[in-house]
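Student: Sharing a model that was predicted from the sequence below.
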Amino acid sequence: MHKQIISFGIFFCFLAGPLKAQKILELDITRFNHFKKIQIFSGDVIEYKLKGEHRFHLGKISNLVDSMIVLGNDSVIKLKEIKILCIRKSNYVLRKFTTGFMIAGVGFFMIDGINNLANNHFPIVDERTIIVSASLVAASLIVRQIGIRKHHIGKNKFLRIIDMSSQHIK
């Protein structure tokens with residue numbers, strides 16, 4: 001029993017050597033008596049809009065520095081420049097409904113077309129088939145949009161970078 005504990009301790013010491021605390025990009029949301037934190041880590045993909053621009057940018061976070069975000073394409077963004085932050089946090093059910101509706105819409109269109117072609121029914125693509133398939137694909141796109149949250153950075157929502165390492169604490 002003691003040998004197992006000692007071997008586990010030695011294994012943990014070797015394992016803990018290369019571990020390193022990481023920095024976290026945190027979005028703090030305050031409303032009346034409600035406080036919420038959303039944490040974004042290195043390697044996550046973010047969608048953001050900068051102040052003075054009209055389109056969204058997409059990038060993968062490679063590093064977080066004091067008040068800047070370094071993206072995978074070596075571009076640097078200051079936290080003060082971010083106007084809107086889009087976070088795609090869809091759960092399992094939303095992802096399954098999105099793919100299910102998309103597959104059902106395309107599949108219904110194809111199966112009905114192949115069935116009408118095989119049975120020599122004309123027209124091959126019926127108007128009702130197009131309506132049903134288009135509504136299923138539209139439902140898929142609507143369900144996908146439910147999982148996207150746009151956060152306008154301002155007085156009640158602000159970004160900060162938290163360094164979890166203890167090297168800077170003395």
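Tutor: The structure has been received and is ready for your questions. Numbers count the residues shown, from 1 in each chain.

Student: lowest average confidence, helix or strand, in the chain?
Tutor: Among the helical and strand segments of the chain, the one scoring lowest on mean pLDDT, DSSP states H and E is helix 2-16, with a mean of 66.

Student: Please identify the next secondary structure element, helix or strand, after that one.
Tutor: strand 23-31 (DSSP states H and E).

Student: could you check the angle strand 23-31 makes with the helix or strand that comes right after that next one?
Tutor: For strand 23-31, the following helix or strand on the C-terminal side (DSSP H and E) is strand 34-41. With axes from the mean of the first three to the mean of the last three Cα atoms, to 10 degrees applied, the angle from strand 34-41 to strand 23-31 works out at 160 degrees.

Student: May I see the buried residues of the helix or strand following strand 34-41?
Tutor: Of the helices and strands lying after strand 34-41 in sequence (DSSP H and E), the nearest is strand 45-50. The neighbour-count check on strand 45-50 (16 or more other Cβ atoms under 10 Å) flags 46, 48, 49 as buried. Every C-beta, even on glycine, is put in place using the N, C-alpha and C of the backbone.
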